[in-house]
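Engineer: build me a structure from this.
(2 chains)
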Amino acid sequence: MRSAAARLRSLCWGLLARADRFMNRLYSSRYNPLYHSGAIVVLLLIVLLLTGLYLLFFYRIGEPHASVARITDQAWLGRWIRSLHRYGSDAAVVAVAIHAFRLFAQGRSWGPRTLAWLSGLVLLFVLLVSGWTGYVMVWDVQAQLLAVEGARWLDVLPIFSEPLGRAFVGEQAIPAAFFFLNLFLHVALPVGMFVILWIHVSRIARPGLLPPRGLLWGSVALLLALSVLWPIGMDPSADAFRIPERAALDLFYAFWLPLTRHLPAGAVWVLGLSLTGVALAAPLWTRPAAAQRPEPSAVDARLCTGCEQCYLDCPYEAIAMRERTDGREGVYAVVDRALCVSCGICAASCAPMGIGPPGMTGRDQLERVREFVRLVDPGPRDVVLVGCARGAAGFDALAAGADAFSPAGDGGGAPAGHLPGAFDGSRVFQIPCAGNVHTSVIEYLVRAGVGGVLIVACHPRDCWSREGPRWLEERMYHDREAELKERVDRKRLRLVHASAGEDRELAAALAEFRESLRRLGSAEAESEIDLELECEPAELQEAGP
Amino acid sequence: MKRARAALGVVVAVLLTGGIGALSQVPYPVEAAGQAWIRLSWRVSAPGIEECRALTDAELSDLPIHMRRDTVCETQPTVYRLHIALDDRAVEETLIRGGGTRRDQPIHVYRELRTRAGAHRVAIRLTPEPIGNAAGGIEARTGAPSLELTQELELADGEVALVTRGPDGGLEVRRREP
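Structural biologist: Here you go, the predicted structure:
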């Protein structure tokens, strides 16, 4: 089961990487809509809220179809605003699907992210039901199909004494209470979505709720242009005494209708509940086997200076600061294991290297980089790639079959003594996230006489750990703790963003970097590299807090 | 090169947006032409048959004082038999029970007969099944109606004819006014 899930995930990741690369080329990574799918959903919800409020002024539950026809034909801008409302809701379904696909493909659906996954599914369900009620409000042919189909499903449940479907056969006029309830749900459900959205992002720090301004206005402008150029028309009113021959079906919300209409209602329930169960259980079947799951971060309280940098940098609010109880003054960091996703970002924010998941702390990285330099023995004109395992350097090195020098516990560690994998002739020192690279590793490589160090991070909005590339850049160039020391020659460093699949872009950046290094001349190696660790455990008192 | 990429970006954005517009209103053929439906939809109250009997002295003495009553009654819900024939061919013969956990709520007939447009003869009969035992001093009461309809129908293409109860309680056919 797990291996099948892993294969499926790997396939999805490959597809996603190709789509991301295509969109990056067209719109740049900053405006790649695939990276902003979650934020685009929020934007569209706001658009739906505003356009929905306008439409609400004109809608009449006593004459649903006639009032929508009036909106379309007579109300000021009504046709366009109604079209924007509808196209916006369609685009929201697309954005939700892309968002869910991305998180599934990237394996971000289990462990501490379970709450976000489950609340996301609830959001999708509420969005679809809300759309359903929206279509029923129009009371045209499609509305009739949706209402009758929904009643058919509900009628197999032993909770109604009277078949709901009878309400739509024309025996009596459809009660206004039905349209009132429908309208109430269409208003109440989206309001509830904002509450669920709050839960959805409750476990992350600094959630990006809106896309960049260019993408925001670009998306709205495109939908508005579509609404003006191709406005939604009116289907004939629902008629219980006519067989509907043709309907303009919205496949985003009623994609299931052509299938379910031909299935018994019981089978629809079995199918629907099965699919729902599989989706809800994704946190179980997508998580790695216990032995492969990365350990959450741990704090060596003896080394913690209470600077709060890890607390500030953690993208998942998994770190809290507590009063010390060991006789020393101040606070120390404590990791909530239930919230930690083992991204290792805290390891790189800690100058004394006192925090991080086992095998990923600054001290662990230093050990690995020493071994790397010993094995590779890079020359003064060689370039070493320090690459995120999920970015271009890691993805393509692995895809090419090379056993890249991956960190322990990441499922791809090279056997001891093996040469690390290479990308375009440069050896790859793999790290689980760019935000995990401790600046001491970069300093060590430069001072060891490597010609140049090319750090390959994912695009900032594509980071699996959310903020890795952002913090790395600030640590390298903007003095964020734990900053790269001034003595490190920046001319021999370069930070590039290349996500999975962007091997050509990475190769071009590598070639350009090599050319700039060629002009610099050979690097000089230091025989004794003193990294000035800010404190050593042995020098500290042994007892923790 | 940069301009070409920007142009391609605009084209892709327009295509994707147009795709949303196209998939938002896909012409969907719901039913083929030449069909006509006869829809049956009505409710009938099913009062059931209440059977009461006097408790014996022995039964009374077994009961706590506050639960002793002279007679006990049990209601057996009415069960209806529905028979539907279309063009002199039986298409359904079934028993229908009332709603609710005790089956004492009204029964509902809700069926759809899908056929071709044209002339048809429909015969519908809904009759209560004989239940209960009227002998032995048991008080019985029934009020379940029998409903019957036999009618020739000329159904137009795409028409839905509704068989339901009219103002007099009997079955009638309702059709869209031409």
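
Engineer: export the helix or strand where A:V384 lies as CSV, just CAs?
Structural biologist: Under the criterion DSSP states H and E, the helix or strand holding A:V384 is strand A:383-388. Output in CSV follows, covering the C-alpha atoms of strand A:383-388 (Å, rounded to 0.1, in the frame of the first residue of the first chain):
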residue,chain,number,x,y,z
VAL,A,383,32.2,24.2,-8.2
VAL,A,384,30.3,22.4,-5.4
LEU,A,385,26.5,22.4,-5.5
VAL,A,386,24.8,22.7,-2.2
GLY,A,387,21.4,21.7,-3.3
CYS,A,388,18.0,21.1,-1.7
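
Engineer: which residues does that strand contact?
Structural biologist: Surrounding strand A:383-388, the residues in contact under the criterion CB atoms under 8 Å, 6 or more residues apart in numbering or on different chains are A:372, A:376, A:378, A:393-394, A:397, A:404, A:423, A:426-434, A:437, A:441-442, A:445, A:450-458, A:468, A:510, A:513-514, A:517. Bear in mind the C-beta positions are built from the backbone N, C-alpha and C, glycine included.

Engineer: same check, this time on stretch B:81-91
Structural biologist: Contacts with stretch B:81-91, where a contact means CB under 8 Å, 6+ apart, come from B:38, B:40, B:92-96, B:109, B:111, B:113, B:115, B:120-129.

Engineer: put the alpha carbons of it into PDB.
Structural biologist: What follows is stretch B:81-91, C-alpha atoms only, in PDB (Å, rounded to 0.1, in the frame of the first residue of the first chain):
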ATOM      1  CA  ARG B  81     -50.500  -3.100  -3.100                       C
ATOM      2  CA  LEU B  82     -49.500  -1.100  -6.100                       C
ATOM      3  CA  HIS B  83     -50.200  -2.400  -9.600                       C
ATOM      4  CA  ILE B  84     -49.000  -0.500 -12.700                       C
ATOM      5  CA  ALA B  85     -49.600  -1.600 -16.200                       C
ATOM      6  CA  LEU B  86     -48.500   0.300 -19.300                       C
ATOM      7  CA  ASP B  87     -50.000  -0.700 -22.700                       C
ATOM      8  CA  ASP B  88     -51.600  -3.700 -21.000                       C
ATOM      9  CA  ARG B  89     -48.300  -5.000 -19.800                       C
ATOM     10  CA  ALA B  90     -47.700  -5.100 -16.000                       C
ATOM     11  CA  VAL B  91     -44.600  -3.100 -15.200                       C
END
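
Engineer: against A:M353, how distant is the residue nearest to A:F372 when sequence neighbours are not counted?
Structural biologist: Of all residues beyond its chain neighbours, the one nearest A:F372 is A:F429 (5.3 Å), with distances taken as CB to CB, 6 or more residues apart in numbering or on different chains. The spacing between A:F429 and A:M353, counted by CB to CB, to the nearest Å, is 17 Å.

Engineer: low-confidence regions, the chain specifically.
Structural biologist: Just going to use chain A. Scanning chain A for pLDDT under 70 picks out A:1, A:395-419, A:527-545.

Engineer: oops, wrong one, chain B.
Structural biologist: Regions of chain B meeting the criterion pLDDT under 70 cover residues B:131-143, B:178.

Engineer: mind doing that once more with 90?
Structural biologist: Along chain B, segments meeting pLDDT under 90 span B:1-3, B:45-53, B:68-79, B:97-106, B:127-146, B:176-178.

Engineer: in strands, which of the contacts of strand A:383-388 fall?
Structural biologist: A:423, A:426-431, A:452-457 (DSSP state E).

Engineer: any idea which of those residues has the most stuff around it?
Structural biologist: Neighbour tally across the ones in strands among the contacts of strand A:383-388 (other CB atoms under 10 Å in any protein chain shown): the maximum, 35 neighbours, falls on A:I431.

Engineer: so B:H108 sits in a strand?
Structural biologist: Yes. Applying DSSP: H, G, I helix; E, B strand; the rest coil, one finds B:H108 inside a strand.

Engineer: quick one, helices of chain B?
Structural biologist: Counting by DSSP state H, one finds helices in chain B at the ranges B:2-23, B:57-62.
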